[in-house]
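Visitor: Sequence and predicted model, in that order:
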Amino acid sequence: MKYLFAPLEGITGSIFRTTYDEFFGGIDAYYTPFVTTRDGGIMKNKEKKDILPENNPGINLVPQIMTTKSEEFLQAASHMEEMGYKEVNLNLGCPSGTVVPKGKGSGFLREPEKLDLFLEEVYKRCPIDISIKTRIGFESPEEFPKLLNIYNKYPVKLLIIHLRTRQEMYTGNVHPEVFEYAYNNSKNPICYNGDILTKDDVNKIKNIYPETEFVMIGRGYLRFPGFAGNDSLKGDYNDKQRLIDFAEELKRRYAEVLYGDRPLLFKMKELWTHMKDSFEEGDKLFKKIKKSKTIDEYNDVIRIVWRDINRKDNYGRV
């Protein structure tokens, strides 16, 4: 099984990726938050900095592109190739309300004929491999067979399937029956994505779909860092001291590039929105973190957690 780290906009940037890899490892490929193509250039300086190979040392990185225009996609892919990348990922999964009205992300799924023409053009001319991250439909899972027929026409490096529709966003149950359909009918390699939170979830996928070689995990890795990975996984993810050290190192690195305490505090609160679930009294802990109005107040909360862990109090979930 190969483990892929899903992109989460605003969270899994280069600082997060490299820090996570140092503390936990076990990831076969990280996917970048999407780069949006635009007239006059493919990337903002901030986006380019995030994907530069020198800012992502030692990790396998796949840049993700979001667009509905084949020429812009090809231009972006060419830039990625110049940086040394051999694969780009097409985002057909983002459900954001700022993206979908423009027909991008999962909004592209509403126009399968247009999508087909787009894919025909980019697969014909792209200088590097293209993988796809897709949802199973815009409104209904019943849309997926038609979408899969389109994907089957092209040499998709990897078809990553988030098992919800756009309308479902990130709520409700996933649709494993759709993955079953893809497992039996896809001509390209496929990857399971959606609600993978435990090792049992991974093992279940392995047992039911033994020929599936890939899983993509996003929020699961934020909630329980290091809970699943390949043979390079470092140590025991239940080591709560390491979780605290990870958060502290992230804070230090963010502080070097962010201006002022306010954006730094926001970053840390965003992290703990997810990571609190690794702790037995996580909700109580997060309430204290959320109430912090300054970095000093935040540091006081973390100092108490650190002390309690060292005293072997029951903060950690074993």
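Guide: In hand now; what should we look at?
Visitor: need the next SSE after the helix or strand bottoming out on mean pLDDT in the chain, C-terminal direction.
Guide: For the chain, counting by mean pLDDT, DSSP states H and E, strand 35-36 ranks last in confidence among helices and strands (a mean of 82). Using DSSP states H and E, the helix or strand that follows strand 35-36 in sequence is helix 45-51.
Visitor: so for that following helix, what's the average pLDDT?
Guide: Averaged across helix 45-51, the pLDDT comes to 85.
Visitor: Stretch 114-133 too?
Guide: 97.
Visitor: Just the buried residues of it, please?
Guide: 115-116, 118-119, 122, 126, 129-133 (16 or more other Cβ atoms under 10 Å). All C-beta atoms are positioned from the backbone trio N, CA, C, and that covers glycine.
Visitor: Which of the residues you listed fall in strands?
Guide: 129-133 (DSSP state E).
Visitor: so which two of the residues you listed are the farthest from each other?
Guide: Greatest spacing in those, by Cβ to Cβ: 129 and 133 (13.8 Å).
Visitor: From the ones in strands among the buried residues of stretch 114-133, pick the one nearest residue 98.
Guide: residue 133 (17.9 Å).
Visitor: could I get the buried residues of stretch 114-133 as a markdown table with distance to residue 224?
Guide: Output for these, formatted as a markdown table (distance: Cβ to Cβ, whole Å):
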| residue | distance to residue 224 |
| --- | --- |
| 115 | 35 |
| 116 | 39 |
| 118 | 37 |
| 119 | 35 |
| 122 | 36 |
| 126 | 36 |
| 129 | 31 |
| 130 | 31 |
| 131 | 25 |
| 132 | 27 |
| 133 | 22 |
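Visitor: now, which of these sits nearest residue 62?
Guide: residue 131 (6.9 Å).
Visitor: Could you double-check that that closest one lies in contact with residue 85?
Guide: No - counting by Cβ atoms under 8 Å, residue 131 does not reach residue 85; the two are 11.7 Å apart.
Visitor: okay, and the common contacts of the two?
Guide: Residues touching both residue 131 and residue 85 (Cβ atoms under 8 Å, 6 or more residues apart in numbering): residue 62.
Visitor: What is the neighbour count of residue 289?
Guide: 20 (other Cβ atoms under 10 Å).
Visitor: next one: residue 212
Guide: Residue 212, neighbours per other Cβ under 10 Å, totals 18.
Visitor: Spit out the contact partners of it.
Guide: Residue 212 neighbours (Cβ under 8 Å, 6+ apart): 1, 183, 190-192, 205-206.
Visitor: Quick check: ChimeraX command selecting the buried ones in those residues.
Guide: With 16+ other Cβ under 10 Å as the criterion, this ChimeraX line picks the buried residues out of these:
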select :183,190,191,192,205
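Visitor: Export the contacts of residue 212 as a markdown table, with columns for distance to residue 256 and pLDDT.
Guide: Output for those, formatted as a markdown table (distance: Cβ to Cβ, whole Å; pLDDT from 0 to 100):
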| residue | distance to residue 256 | pLDDT |
| --- | --- | --- |
| 1 | 35 | 94 |
| 183 | 45 | 98 |
| 190 | 39 | 98 |
| 191 | 34 | 98 |
| 192 | 36 | 98 |
| 205 | 38 | 97 |
| 206 | 40 | 96 |
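Visitor: Among the contacts of residue 212, which one sits closest to residue 233?
Guide: residue 1 (11.8 Å).
Visitor: Would you check that that closest one makes contact with residue 206?
Guide: Yes - counting by Cβ under 8 Å, residue 1 does reach residue 206; the two are 6.1 Å apart.
Visitor: What is the end-to-end distance of stretch 179-199?
Guide: 19 Å (Cα to Cα, to the nearest Å).
Visitor: hmm, back to that, now, the contacts of residue 212 that are in helices?
Guide: Residues of the contacts of residue 212 located in helices (DSSP state H): 183, 205-206.
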